[in-house]
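Asks: show me how the following folds:
(one chain, ligands or ions: 1)
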Amino acid sequence: MGERITGHTELIGLIAYPIRHSSSPAMQNEAFAKLGLDYAYLAFEVDNESLEDAIKGIRALKLRGSNVSMPNKTVVHKYLDELSPAAKLCGAVNTIVNDNGKLTGHITDGTGYMQSLKDNDIDVIGKKMTIVGAGGAGTAIEIQAALDGVKEMSIFNIKDKFWDNAKETVEKINNNTDCKATLYDLEDLDALKREIADSYLFANATGVGMKPLEGQTYIPDKSFLRPDLIVTDVVYSPRETALLKMAKEVGCKCMNGLGMMLFQGSAAFKLWTGQEMPIEHMKKVLDIKY
Ligand code: NAD
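Replies: Numbers count the residues shown, from 1 in each chain. Below you'll find the predicted structure:
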């Protein structure tokens, strides 16, 4: 790394709090090094209070851009010049690109998820999916899946602080895309069973299955699943959640959240550098096996 940094090296940031645990710096710097690109990627612990100053800093120091994670994803748009169509619809930004002082916000979580499906030879376009979750990850996946051409989407959530956001997402999808979206209460298990039975793919987009909810799933038993159902989880730690374990036992094709993590990063990498991330190399380095 020391040998790579020169006076010409361009900086890309990651602004979030807390963020020291993130695997993004290792992933992005490995990709820059592999392709011999003169960039460096560093994490900065920035919360909502210092966010405006941090964005001014991106302009002042001429960073090429930044990733943005919680708690800044849903508020950073206020300080940017432009938003991509998906970022506008999601109301969230995870990637900033600085073009000579003009800052554009993008969201690559949804495209990352859709790309990870493609990479697994899973084609949900023109089909129906059922998804649980209406937070940052869920919204990004739902909006992108609808924009990409999923035909029908049943969204489930518990009646917590994300319920209103789920309602808004359903409205946005129905008003802006050809996908037909419907919202259900996750407590309605009859509806959950019926909608999954009618779907090609079932997705978990909540933290259920990772700490502090590790070992848990809201799917009551195996009768909710069937062998030709595709089951995906945004969680990648653990790599096999209770949901994926049950789905594997039923014989479903399964995918954890590692692919989404890789491809959201590769989409951001392309926005900053114009180059494709060396995906097969990164899979080896990150030990990604679906
Ligand atoms: P968030 O806080 O924005 O949303 C949380 C969601 O979980 C909401 O829909 C909430 O209603 C639901 N929820 C919370 N507790 C629940 C419970 N007990 N039962 C059912 N639903 C419950 O979080 P987020 O940013 O959307 O992240 C969700 C998960 O996705 C996390 O595990 C995160 O690590 C993961 N994630 C993965 C990637 C990736 O690249 N693979 C990217 C982003 C997030």
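
Asks: rest of the way, CA atoms for contacts and neighbours
Replies: Fine.

Asks: now the helices for the stretch 1-150 of the chain?
Replies: Counting by DSSP state H, counting those that start in this stretch, the stretch 1-150 of the chain has helices at residues 24-35, 48-60, 85-90, 109-119, 136-148.

Asks: would you turn these into TSV with mean neighbour count?
Replies: Below are these laid out as TSV (neighbours: other C-alpha atoms under 10 Å):
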stretch	mean neighbour count
helix 24-35	18
helix 48-60	15
helix 85-90	20
helix 109-119	22
helix 136-148	24
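
Asks: mean pLDDT for those helices: which is lowest?
Replies: Note on the helices of the stretch 1-150 of the chain: helix 85-90 shows the lowest mean pLDDT, a mean of 92.

Asks: ok now that one, how far from the chain's centre?
Replies: The chain centroid and the centroid of helix 85-90 are separated by 13 Å, computed with C-alpha atoms, centre = their mean, to the nearest Å.

Asks: just stretch 235-244 next, same as before
Replies: With C-alpha atoms, centre = their mean, you get 16 Å for stretch 235-244.

Asks: the ligand: which of the helices of the stretch 1-150 of the chain is closest?
Replies: Minimum separation from the ligand across these (C-alpha to the nearest ligand atom) falls at helix 136-148, 3.6 Å.

Asks: now the very next helix or strand once past that closest one - C-alpha only, PDB.
Replies: Counting by DSSP states H and E, the next helix or strand C-terminal to helix 136-148 is strand 152-157. Taking C-alpha atoms only, strand 152-157 is exported to PDB below (Å, rounded to 0.1, in the frame of the first residue of the first chain):
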ATOM      1  CA  GLU A 152     -45.300  -8.400  -9.100                       C
ATOM      2  CA  MET A 153     -44.000  -7.900  -5.600                       C
ATOM      3  CA  SER A 154     -45.500  -8.700  -2.200                       C
ATOM      4  CA  ILE A 155     -43.800  -6.700   0.500                       C
ATOM      5  CA  PHE A 156     -44.100  -7.800   4.200                       C
ATOM      6  CA  ASN A 157     -43.100  -5.800   7.200                       C
END
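
Asks: got the angle between strand 152-157 and helix 136-148?
Replies: Counting by axes from the mean of the first three to the mean of the last three C-alpha atoms, to 10 degrees, strand 152-157 lies at 170 degrees to helix 136-148.

Asks: sheet-wise, list the partners of strand 152-157 with their directions.
Replies: Sheet pairing of strand 152-157 (DSSP bridges) gives strand 128-132 (parallel), strand 180-185 (parallel).

Asks: what comes up buried for the last one?
Replies: Using 16 or more other C-alpha atoms under 10 Å as the test for burial, strand 180-185 gives 180-184.

Asks: are the following helix or strand past that strand and the ligand in contact anywhere?
Replies: Following strand 180-185 in sequence order, the next helix or strand is helix 189-197 (DSSP H and E). No - contact of helix 189-197 with the ligand (C-alpha under 6 Å from any ligand atom) is absent, the minimum separation being 12.4 Å.

Asks: which helices and strands does helix 189-197 pack with?
Replies: strand 128-132 (3 or more C-alpha pairs under 8 Å, 6 or more residues apart in numbering; DSSP states H and E).

Asks: what's in contact with the strand it packs on?
Replies: Strand 128-132 has contacts (C-alpha atoms under 8 Å, 6 or more residues apart in numbering) with 138, 142, 150-157, 186, 195-196, 198-206.
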